[in-house]
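A.B. asks: Model the following, please.
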Amino acid sequence: MRIYVFALIAALITVFAHYPGLRGWYMEYWWYDIFMHMMGGLAIGLLWAAIATLFGISSRNMWIYIIYGTLAIGLAWEIFEVYFHLTGYPIGSRLYYIDTLIDILNDIIGGSVAAYIATRNNRFI
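C.D. replies: As a prediction, this is how the structure comes out:
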């Protein structure tokens, strides 16, 4: 039951922390995009963990489920950024590809933290 609470708290923090980014922090502070992708990966990973516990997926398989689920949502977000011209760099440029890879890596790091939290001796499930 507690994993659902952690997922909700992480999602709320991510949503409320996104607001300063919309007010210019993404452009003003270089590290804010990194923080938000890690926080988003954590929130999405905890959501996948909550769904996995709902379906009774074992801790061993939960790692894979959370990481691939977080990766899928991260890739979908990058497509969203391209579609709405939110990338920050010209599409197809070297900096665009580097930024996209860093964003996806940060999503996976956040998802890995969520997988660790969710599977650590099942204390939070």
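A.B. asks: State the next helix or strand along the chain beyond the helix or strand of the chain with the lowest mean pLDDT.
C.D. replies: Every helix and strand in the chain was compared by mean pLDDT, DSSP states H and E; the lowest is helix 26-28, with a mean of 89. Using DSSP states H and E, the helix or strand that follows helix 26-28 in sequence is helix 30-54.
A.B. asks: Chain neighbours aside, what residue packs nearest to the residue positioned nearest the centre of the chain?
C.D. replies: Nearest to the geometric centre of the chain sits residue 41, at 1.4 Å (Cα atoms, centre = their mean). Nearest residue to residue 41, sequence neighbours excluded (Cβ to Cβ, 6 or more residues apart in numbering): residue 110, at 2.3 Å. In this view, the C-beta of every residue, glycine as well, is placed from N, C-alpha and C.
A.B. asks: What distance do you get for that neighbour to residue 93?
C.D. replies: In this structure, residue 110 and residue 93 are 26 Å apart, going by Cβ to Cβ, to the nearest Å.
A.B. asks: Looking at these two, which is more packed in?
C.D. replies: residue 110 (26 against 11; other Cβ atoms under 10 Å).
A.B. asks: Please tell me I have it right and the more buried one contacts residue 47.
C.D. replies: No: using Cβ atoms under 8 Å, residue 110 makes no contact with residue 47, being 11.5 Å away.
A.B. asks: ok, back up a step: next up, the contacts around the residue nearest to residue 41.
C.D. replies: Residues counted as contacts of residue 110 (Cβ atoms under 8 Å, 6 or more residues apart in numbering) are 37-45, 70.
A.B. asks: host element of it?
C.D. replies: Per DSSP H and E, residue 110 falls inside helix 94-119.
A.B. asks: Likewise for residue 69?
C.D. replies: Here residue 69 sits within helix 59-83, counting by DSSP H and E.
A.B. asks: Distance from the chain centre to that helix, please.
C.D. replies: Distance of helix 59-83 from its chain centroid, counting by Cα atoms, centre = their mean, to the nearest Å, is 8 Å.
A.B. asks: list the buried ones in that helix?
C.D. replies: Residues 59, 62-63, 65-67, 69-71, 73-74, 77-78, 81 are the ones in helix 59-83 that count as buried (16 or more other Cβ atoms under 10 Å).
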